[in-house]
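Asker: missing the sequence, but the structure's below:
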């Protein structure tokens with residue numbers, strides 16, 4: 001039995017948090033990914049966006065199958081947490097252009 005806690009989803013940005021987060025995205029075909037600890041296994045999570053908040057914190061919005069049953073959901077996690085790991089990077093530079101990308105703000 002693992003002692004790794006499942007990561008907690010981050011709440012959305014609110015006006016009282018200060019300026020809106022700076023949002024970065026990658027080309028859909030070359031997105032980085034994280035591993036998310038869920039239901040007793042490390043699950044692959046493709047990064048949709050990175051949010052840099054005014055307080056210096058970082059959040060990643062990901063697509064992830066949390067139960068291993070092929071039902072993919074979108075979650076945003078504050079980085080770092082014990083239940084999150086880097087899986088692989090992107091060969092492309094991130095962009096502030098979010099055209100055609102689903103990004104929660």
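Answerer: Received the coordinates, thanks. Everything numeric in this text was worked out from a predicted model, so none of it was measured. Numbering: from 1, shown residues only.
Asker: my guess is residue 88 contacts residue 31, does it?
Answerer: No. Judged on Cβ atoms under 8 Å, residue 88 makes no contact with residue 31 at a distance of 9.6 Å. (Glycine included, C-beta is placed from N, CA and C.)
Asker: what about the longest strand seen in the chain, distance to the chain center?
Answerer: In the chain, ranked by residue count with DSSP state E as the criterion, the top strand is strand 41-52. Its chain's average C-alpha position is 4 Å from that of strand 41-52, according to Cα atoms, centre = their mean, to the nearest Å.
Asker: same question for that strand, mean pLDDT?
Answerer: The average of the pLDDT scores along strand 41-52 is 98.
Asker: For that strand, which strands pair with it and how are they oriented?
Answerer: Paired strands of strand 41-52, with direction, are strand 22-24 (antiparallel), strand 33-38 (antiparallel), strand 58-64 (antiparallel) (DSSP bridges).
Asker: Those: which one's closest to residue 13?
Answerer: Shortest distance between residue 13 and the strands paired with strand 41-52, using Cβ to Cβ, is found for strand 58-64: 8.8 Å.
Asker: Compare residue 88 and residue 31 (neighbour count), which wins?
Answerer: More crowded of residue 88 and residue 31, by other Cβ atoms under 10 Å: residue 31, with 20 against 11.
Asker: Spit out the contact partners of that one.
Answerer: By Cβ atoms under 8 Å, 6 or more residues apart in numbering, residue 31 lies in contact with 46, 47, 48, 90.
Asker: one more time with 7 Å
Answerer: Listed by Cβ atoms under 7 Å, 6 or more residues apart in numbering, the contact partners of residue 31 are 46, 47, 90.
Asker: Now the buried members of the residues you listed.
Answerer: Neighbour counting with 16 or more other Cβ atoms under 10 Å marks residue 47 as buried within those.
Asker: okay, the contacts of residue 31 in TSV with distance to residue 97 next?
Answerer: Formatted as TSV, the entries for the contacts of residue 31 read as follows, by distance: Cβ to Cβ, whole Å:
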residue	distance to residue 97
46	18
47	15
90	15
